[in-house]
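*Asks:* Below are the sequence and a predicted model; questions follow.
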Amino acid sequence: MGDEAETYGLTWPGKGRAAAEASAPATGRLEPDPARSVGSDDSPHLFIEGDNLEVLKLLGGDYAGSVDLIYIDPPYNTGKRLAYDDDFADHTAGNSSSRDPGARRHAPWLSMMYPRLLAAAELLADGGVLFVSIDDTELPHLRLLLNEVLGEEAFLGVLKRRAARKTAHLSATMSDLCDYVVCYARGRLGGRLSTASSTEATRPVLNRGNAVSERVLPRGTEARCGDGVHPAGRRCVRSLEFEILDDLVVQGGRLVGEVRVRGPFRVNQDLLARTVFITRRGGLRRSLLPEELGAPKAMSDLLDDPEFYNERGSECLADLLGAPVFEHPKPVGLIKHLVRSVPRPSGDLVVLDFFAGTGTTAQAVMEVNAEDGTHHRFIMVQRPEPLRQVAKLPDGTRLQTIADIGRERIRRVIEGMGARAPGFRAYTVRDDGA
Ligand SMILES: C[S@@+](CC[C@H](N)C(=O)[O-])C[C@H]1O[C@@H](n2cnc3c(N)ncnc32)[C@H](O)[C@@H]1O
């Protein structure tokens with residue numbers, strides 16, 4: 001057989017049917033769900049409950065070519081039993097048992113992803129960026145699939161993320177520490193993916209030896225020390241002494257009211273109010289102003305920052321909800337880093353996550369808006385995948401599905417930010433014919 005008879009490309013049993021699924025018209029409609037919305041009818045953000053293929057098709061009407069950033073964290077197909085279904089392998093006997101084990105493992109995952117990526121590509125704006133989290137199981141297939149859907153020239157790179165502080169001792173072969181974020185653009189990217197030279201850098205606000213003065217931490221100040229009431233009193237953190245004059249009441253990671261502090265401050269009230277945050281250990285530090293950040297540099301494809309470890313994602317969600325209800329949500333810091341990396345020739349971004357899970361991307365967008373003064377909008381899509389066990393939060397809230405977790409998380413972040421955050425509109429997919 002001559003070489004010409006052989007073909008190059010990714011193929012699998014079921015590919016034709018998967019492509020047909022993408023082009024079949026939507027059968028449902030998006031119904032507003034005011035009882036689950038927060039804020040006014042014209043809130044900029046959306047949370048849509050439903051199967052994402054149907055939702056992507058429905059969004060095609062209003063959003064074709066107008067989404068600037070898509071971040072997705074699809075099931076990795078690890079075969080594990082997680083809060084969501086992460087096993088796509090075909091375990092049925094019969095005809096399929098004679099198939100290649102590779103096809104049985106990967107073909108169903110590819111058939112799930114292919115129509116969704118085709119539909120998502122229609123929504124991406126020219127210069128829009130797609131980020132996909134994945135691990136070693138499906139990385140090779142995902143790369144080939146995206147080369148086909150968006151074109152090989154659309155490939156920007158693969159970020160390698162250190163995902164955990166410690167290695168897993170029980171691994172049978174080698175200990176996984178990394179996963180990946182695969183990056184593609186549609187059309188011409190309006191600049192490079194960049195990162196402020198010291199995005200995660202922070203500075204002290206106190207200096208031992210300075211004269212003691214009183215300052216006010218405004219309502220809505222970020223507080224990483226955990227939700228609850230932290231009583232007023234003297235503190236010594238990293239050998240810096242100060243006195244909190246009012247109880248610190250923290251909800252959704254933010255101060256509920258103003259708090260007065262006495263200490264040897266090295267920054268004035270204005271700078272403090274704009275930049276201060278409370279650290280995990282209860283200390284005071286500040287973030288840098290944009291003009292202090294220096295020229296942006298090209299984003300590195302190696303991500304090793306404790307803020308990007310899975311542990312941070314789990315702690316953050318558990319702090320917000322008061323209970324651990326989902327294994328390994330992505331860390332908010334990772335998604336903020338991605339949002340900030342995208343060139344913005346035309347201003348604010350429309351950010352879509354159609355495997356939204358617990359709504360990490362929504363929180364990241366809201367925090368970037370609050371910190372950078374942007375007005376990015378999010379669209380979250382999550383099916384009502386039932387939790388294996390109904391989650392009961394300490395305040396009595398009951399969550400039955402992963403979509404419930406997502407909406408509750410977003411609601412609490414908005415509540416914590418007070419007037420600084422607009423609300424979101426909830427929608428549900430209705431299929432009247434079904
Ligand atoms: C890996 S999790 C995403 C976690 C998320 N990044 C976070 O930080 O919470 C994948 C999510 O996709 C959802 N999902 C899977 N298939 C879906 C579908 N067809 N439509 C909508 N959501 C889906 C699952 O229920 C699960 O919540």
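*Replies:* Looks like it came in fine.

*Asks:* how deep is whatever residue of the stretch 301-434 of the chain ends up closest to the ligand tucked in, by neighbour count?
*Replies:* Distance from the ligand to each residue of the stretch 301-434 of the chain (Cβ to the nearest ligand atom) is smallest for residue 357, at 2.5 Å. C-beta: built from backbone N, CA, C; applies to glycine. The number of residues packed near residue 357 is 26, by other Cβ atoms under 10 Å.

*Asks:* Residue 126 now?
*Replies:* Using other Cβ under 10 Å as the criterion, residue 126 is surrounded by 13 other residues.

*Asks:* my guess is it is in a strand, correct?
*Replies:* Yes: if the criterion is DSSP: H, G, I helix; E, B strand; the rest coil, then residue 126 is within a strand.

*Asks:* isn't it right up against residue 65?
*Replies:* Yes: look at residue 126 against residue 65 with Cβ atoms under 8 Å: they come within range, at 7.1 Å.

*Asks:* thinking again about what came up before, my guess is the residue of the stretch 301-434 of the chain closest to the ligand contacts residue 382. True?
*Replies:* Yes: counting by Cβ under 8 Å, residue 357 does reach residue 382; the two are 6.5 Å apart.

*Asks:* what touches both of these two?
*Replies:* Shared contacts of residue 357 and residue 382, defined by Cβ atoms under 8 Å, 6 or more residues apart in numbering, are found at 402, 406.

*Asks:* Quickly find the element holding residue 326.
*Replies:* Element membership for residue 326 (DSSP states H and E) is empty, with no helix or strand holding it.

*Asks:* Show the contacting residues for it.
*Replies:* Applying Cβ under 8 Å, 6+ apart as the definition, the contact partners of residue 326 turn out to be 83, 317, 357, 358, 402, 405.

*Asks:* Buried subset of those residues as a ChimeraX selection?
*Replies:* Command for ChimeraX that selects the buried part of the contacts of residue 326, burial taken from 16 or more other Cβ atoms under 10 Å:
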select :83,317,357,358,402,405
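
*Asks:* Make sure residue 337 is indeed in a strand.
*Replies:* No: counting by three-state DSSP, residue 337 is not part of a strand but helix.

*Asks:* What does the pLDDT read for it?
*Replies:* We note a pLDDT of 96 for residue 337 in this prediction.

*Asks:* Then the one 3 residues further on?
*Replies:* The predicted structure scores residue 340 at 93 on the pLDDT scale.

*Asks:* what's the answer for residue 163, then?
*Replies:* Taken from the predicted model, the pLDDT recorded for residue 163 is 94.

*Asks:* With residue 202 instead?
*Replies:* At residue 202 the predicted local distance difference test score is 78.

*Asks:* Give me the nearest residue to it, chain neighbours excluded.
*Replies:* Residue nearest to residue 202 in three dimensions, not counting chain neighbours: residue 285, with 4.6 Å by Cβ to Cβ, 6 or more residues apart in numbering.

*Asks:* Would you confirm that that neighbour contacts residue 204?
*Replies:* Yes: counting by Cβ under 8 Å, residue 285 touches residue 204, with 6.0 Å between them.

*Asks:* Neighbour count for these two, which is higher?
*Replies:* With neighbours defined as other Cβ under 10 Å, residue 285 and residue 204 compare such that residue 285 has more, 17 against 14.

*Asks:* Lowest mean pLDDT among the helices and strands of the chain, which one is it?
*Replies:* Of all the helices and strands that make up the chain, strand 202-204 has the lowest average by mean pLDDT, DSSP states H and E, namely a mean of 83.

*Asks:* what are the pairing partners of that one, and which direction each?
*Replies:* Each strand that strand 202-204 pairs with, and the sense of that pairing, follows from DSSP bridges: strand 284-287 (antiparallel).

*Asks:* what separates the strand it pairs with from the chain centre, distance-wise?
*Replies:* For strand 284-287, the separation from the chain centroid amounts to 24 Å (computed by Cα atoms, centre = their mean, to the nearest Å).

*Asks:* now what about that strand, what contacts it?
*Replies:* Surrounding strand 284-287, the residues in contact under the criterion Cβ under 8 Å, 6+ apart are 202-206, 217, 237, 242, 261, 263, 267, 271-272, 275-279, 371.

*Asks:* Starting from it, tell me the next helix or strand along the chain.
*Replies:* Read in the C-terminal direction, the helix or strand following strand 284-287 is strand 297-298, with elements assigned using DSSP H and E.

*Asks:* tell me the mean pLDDT over that next one?
*Replies:* Summarised as a single mean, pLDDT over strand 297-298 is 88.

*Asks:* How far does the next helix-or-strand element following it sit from its chain's centre?
*Replies:* Sequence order places strand 302-303 as the next helix or strand after strand 297-298, per DSSP H and E. Strand 302-303 has its average C-alpha position 17 Å from the chain's average C-alpha position, going by Cα atoms, centre = their mean.
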